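Peer 1: Dropping the sequence and predicted coords here.
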Amino acid sequence: MTGYALTLLLCALSYEGVKMAGQKRTWRDKLYGNGSLPKIEPITEKMSKKWGRGTMVTPAPAEVDEIMWMVPQGKLITIGRIQEMIAKKHEADVTCPVMTGMSAWIAAQAAADDEAEGRNKVTPYWRTLKTDGELNPKYPGGIEGQKARLEAEGHRVVRKGNKHIVHNYEGALVVW
């Protein structure tokens with residue numbers, strides 16, 4: 001197993017309770033229902049080839065959601081920037097990339113459920129891009145749904161090969 005594969009496995013295993021045996025949990029439950037996170041652990045010897053030495057934080061989905069919630073209309077954030085902010089908050093060297101992505105997906109699904117229930121103010125998940133400015137096909141509505149929301153806020157989405165990227169996304173990144 002490669003160091004990166006081991007990192008992915010450890011991150012995924014550290015997210016306890018995504019699905020409990022015999023129970024159907026809502027996205028909101030998944031967003032707020034994990035008391036064991038965040039978790040800060042030493043970077044293992046195998047993981048150090050990819051991440052260096054130090055500590056890795058596995059974020060709680062709610063703290064990823066909190067950052068996503070703060071992105072104002074017309075601005076964007078990347079998963080990579082969220083990882084940087086969480087690592088800094090917990091004084092860790094890196095943030096688990098798998099759990100950060102999973103947490104953003106959980107936040108997006110919870111927001112879609114909120115909208116379906118008639119709530120007007122939801123986490124603006126569509127403003128969170130993959131690290132390279134790419135749209136996330138796993139968000140509610142897929143690429144077309146995220147693209148429509150971003151274009152409604154004045155962004156232009158372009159296709160580069162199989163990817164959909166926000167044109168000049170760097171200029172719209174939120175600065176805190």
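Peer 2: Thanks, I have it.
Peer 1: For the most centrally placed residue in the chain, give me its contacts.
Peer 2: In the chain, the C-alpha closest to the average C-alpha coordinate belongs to residue 104, at a distance of 2.9 Å (Cα atoms, centre = their mean). Residue 104 is in contact with 64, 68, 79, 82, 125, 128, 136, counting by Cβ atoms under 8 Å, 6 or more residues apart in numbering. Every C-beta, even on glycine, is put in place using the N, C-alpha and C of the backbone.
Peer 1: Same question for residue 125.
Peer 2: So residue 125 contacts 68, 104, 107, 108, 111, 139, 140 (Cβ under 8 Å, 6+ apart).
Peer 1: so residue 105 makes contact with residue 137?
Peer 2: No. Residue 105 is beyond contact range of residue 137, at 10.6 Å (criterion: Cβ atoms under 8 Å).
Peer 1: The two: which has the busier surroundings?
Peer 2: residue 105 (20 against 15; other Cβ atoms under 10 Å).
Peer 1: For that one, give me the pLDDT.
Peer 2: Looking at residue 105, its pLDDT stands at 97.
Peer 1: hang on, it is in a helix, isn't it?
Peer 2: Yes. According to DSSP: H, G, I helix; E, B strand; the rest coil, residue 105 belongs to a helix.
Peer 1: All the helices of this structure, residue numbers only.
Peer 2: Per DSSP state H, the chain carries helices over the ranges 3-14, 27-32, 48-51, 61-69, 79-89, 97-116, 142-152.
Peer 1: Turn those into JSON lines, columns for distance to residue 42.
Peer 2: What follows is the helices of the chain, written out as JSON lines (distance: least, Cβ to Cβ, whole Å):
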{"stretch": "helix 3-14", "distance to residue 42": "11"}
{"stretch": "helix 27-32", "distance to residue 42": "27"}
{"stretch": "helix 48-51", "distance to residue 42": "9"}
{"stretch": "helix 61-69", "distance to residue 42": "21"}
{"stretch": "helix 79-89", "distance to residue 42": "14"}
{"stretch": "helix 97-116", "distance to residue 42": "16"}
{"stretch": "helix 142-152", "distance to residue 42": "36"}
